[in-house]
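K.L.:
Just need the structure, nothing else, for what follows:
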Amino acid sequence: MRILTSHKNHKGLISILEAESDAPQNVVFCVPIQDDIASDIETIFDFVSYFREGISTRIKHNGKTTVIHLKLFNEFGIPILDKINSFPKFTTKLENHQVDFYLSRANFNEKDEKKLLEINNFYSGDQFYEELRNKKLVILQPNWTQLDNLFLKEGILFIDWQ
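P.N.:
The predicted structure is shown next:
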């Protein structure tokens, strides 16, 4: 999982380190996948099949950086677009705190009544261009209350792969 931000002047995501200090920033959690794979993932069932093994990311805790695994959980099948908790999610437990990252609405073609995925977010910065240039970004939406509690009570922070 990567942690990026939006660019104030153009479409696409950039590294938080590339953002201008006077620009508002959104934190975006995302998973890079190859362009051709992104175009093949059209339905929730395609998504679940591709990500069935889950994803990995990094955290910082007590001054140490650790790689952790988040399992895929999909209880409902096809999500109800106005209920984020019906979306597939990646989940883990850290220090007895549940942490969930849901598949974001930003990955759907909202004009399509069939609820098809349209994974078309991309990296447009310079810092990770070689690594991310042929990839699309699956946007995840964290449960911010869980992340806040994890940070405030345990000092655990999710960090980018850089």
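
K.L.:
now the strands: where do they sit in the protein?
P.N.:
2-6, 13-15, 27-34, 55-61, 64-73, 89-94, 97-103, 135-142, 157-159 (DSSP state E).

K.L.:
Residue most distant from the centroid, this structure?
P.N.:
What lies farthest from the middle of the chain is Asp22; by Cα atoms, centre = their mean that is 24.7 Å.

K.L.:
closest to Leu150 out of the strands of the chain?
P.N.:
Nearest to Leu150 among the strands of the chain is strand 97-103; the distance by Cβ to Cβ comes to 4.9 Å. Glycine gets a C-beta too; all of them are placed from N, C-alpha and C.

K.L.:
so what secondary structure elements neighbour the closest one?
P.N.:
Counting contacts by 3 or more Cβ pairs under 8 Å, 6 or more residues apart in numbering; DSSP states H and E, strand 97-103 packs against strand 89-94, strand 135-142, helix 144-154.

K.L.:
can you rerun that using 10 Å?
P.N.:
strand 27-34, helix 44-50, strand 55-61, strand 64-73, strand 89-94, strand 135-142, helix 144-154 (3 or more Cβ pairs under 10 Å, 6 or more residues apart in numbering; DSSP states H and E).

K.L.:
what lines up beside it in the sheet?
P.N.:
strand 89-94 (antiparallel), strand 135-142 (antiparallel) (DSSP bridges).

K.L.:
Mean neighbour count, those: which tops it?
P.N.:
Mean neighbour count (mean count of other Cβ atoms under 10 Å) peaks for strand 135-142 among the strands paired with strand 97-103, with a mean of 22.
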